[in-house]
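> I need the structure of the sequence given here:
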Amino acid sequence: MAENKFKLSTIFDGIIIPLILVLLIYVLAVYVNVGGQYHVLGQDVIGVILTNGFAQMIVMGVPLILGLLWNKWAGGAAGFVMGGMYYVASAGQYNGLFAASGVTGYNYFGDISMLFYLVNAVIIGYMAGALNNGSTSFKRMIGAGLTAALITAVIQAYLNATVALEFGRQMALDQWATDPLMAIVTGFVPSIALGVIVPILAKVMTWYGLQPQKHAGY
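Coordinates of the predicted model:
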């Protein structure tokens, strides 16, 4: 077996790329995040999409890509893990924010709309996997990805406006009433982007044989 020699590309893959990701996340968290210390975009829709929307795209994107490249069970299982972590982290964050401001009576761990971040992460991976059914056709991948992403976005938007805790529900209703364009952009643009970007990434991965190995019967 040939020796795996150390190359300059190894430094790029092992050090430079991770550091670039660290810098990107730092910039998003500090300078773009609407709650960041030095945010430069304020409460603008771009800031919301690049932070909250970006986080949700990661949570939904992992099960989506596994569903497309592997199968519906892998997508659903990944969604349970990713969605579960996001649900716990987000509910804990909001509970902490309200407690710190002296507001009581809100428990986001019991918020059905918050819980559905977990459910939708499972659904998007399972649905995309079932619709794509192992195909490497880009048209089928993007059709499955967009369908799953848009359906979960509609479910989440409906729950935010109907069964969320009073504070969040009222914010959602006010946004739809006063600025429906903003509600559509923040609610659906990240999902549309997800439904396009992930199939492209999945297709590129198939070119290099990076999809998980499939076994008979799956």
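> Break the chain into its domains for me.
Listed domain ranges for the chain are 13-43, 49-207 (source: automatic domain parsing).
> Could you look over the ones you listed and pick the most buried one?
Among the domains of the chain, domain 49-207 has the highest mean neighbour count (mean count of other C-beta atoms under 10 Å), at a mean of 19. Quick note: C-beta positions are derived from backbone N, CA and C, even for glycine.
> what's the offset of that domain from the middle of its chain?
5 Å (C-alpha atoms, centre = their mean, to the nearest Å).
> And for stretch 189-208?
With C-alpha atoms, centre = their mean, you get 13 Å for stretch 189-208.
> quick one: average confidence on that stretch?
Taken as a whole, stretch 189-208 carries a mean pLDDT of 90.
> which residues touch it?
49, 53-54, 56-57, 60-61, 64-65, 68-69, 136, 138, 141-142, 144-150, 152-153, 211 (C-beta atoms under 8 Å, 6 or more residues apart in numbering).
> Helix or strand: which one has the spatially most central residue of the chain?
Centroid check for the chain by C-alpha atoms, centre = their mean gives residue 57 as the closest residue, at 2.4 Å. For residue 57, the host element (DSSP states H and E) is helix 54-69.
> by contact count, what packs against that helix?
With contacts taken as 3 or more C-beta pairs under 8 Å, 6 or more residues apart in numbering; DSSP states H and E, helix 54-69 sits against helix 72-100, helix 112-132, helix 138-162, helix 180-207.
> how big is the angle separating it from helix 72-100?
170 degrees (axes from the mean of the first three to the mean of the last three C-alpha atoms, to 10 degrees).
> What pLDDT does the model give residue 46?
For residue 46, the predicted pLDDT is 57.
> Same list, the helices and strands packed on helix 54-69, but as CSV with distance to residue 168 please.
Formatted as CSV, the helices and strands packed on helix 54-69 follow (distance: least, C-beta to C-beta, whole Å):
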stretch, distance to residue 168
helix 72-100, 8
helix 112-132, 7
helix 138-162, 7
helix 180-207, 13
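> So which of those helices is nearest residue 13?
Closest to residue 13 of those, according to C-beta to C-beta: helix 180-207, at 15.9 Å.
> now the angle from that closest one to helix 54-69?
Per the same axes, to 10 degrees, the angle that helix 180-207 makes with helix 54-69 is 40 degrees.
> got the angle between helix 180-207 and helix 112-132?
Angle, helix 180-207 to helix 112-132, by the same axes, to 10 degrees: 40 degrees.
> follow-up on the earlier one: lowest average pLDDT across the domains of the chain?
domain 13-43 (a mean of 72).
> Point out the one among the helices and strands packed on helix 54-69 that comes closest to residue 11.
Proximity to residue 11, assessed across those by C-beta to C-beta, is greatest for helix 180-207 (23.2 Å).
> these two touch, right, residue 162 and residue 169?
Yes - between residue 162 and residue 169 there is a contact under C-beta atoms under 8 Å: 7.1 Å.
> Leaving out chain neighbours, which residue sits closest to the residue nearest to the centre of the chain?
Nearest residue to residue 57, sequence neighbours excluded (C-beta to C-beta, 6 or more residues apart in numbering): residue 194, at 5.0 Å.
> circling back: how about the domains of the chain in a markdown table, adding distance to residue 5?
A markdown table is the format used below for these (distance: least, C-beta to C-beta, whole Å):
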| stretch | distance to residue 5 |
| --- | --- |
| domain 13-43 | 14 |
| domain 49-207 | 25 |
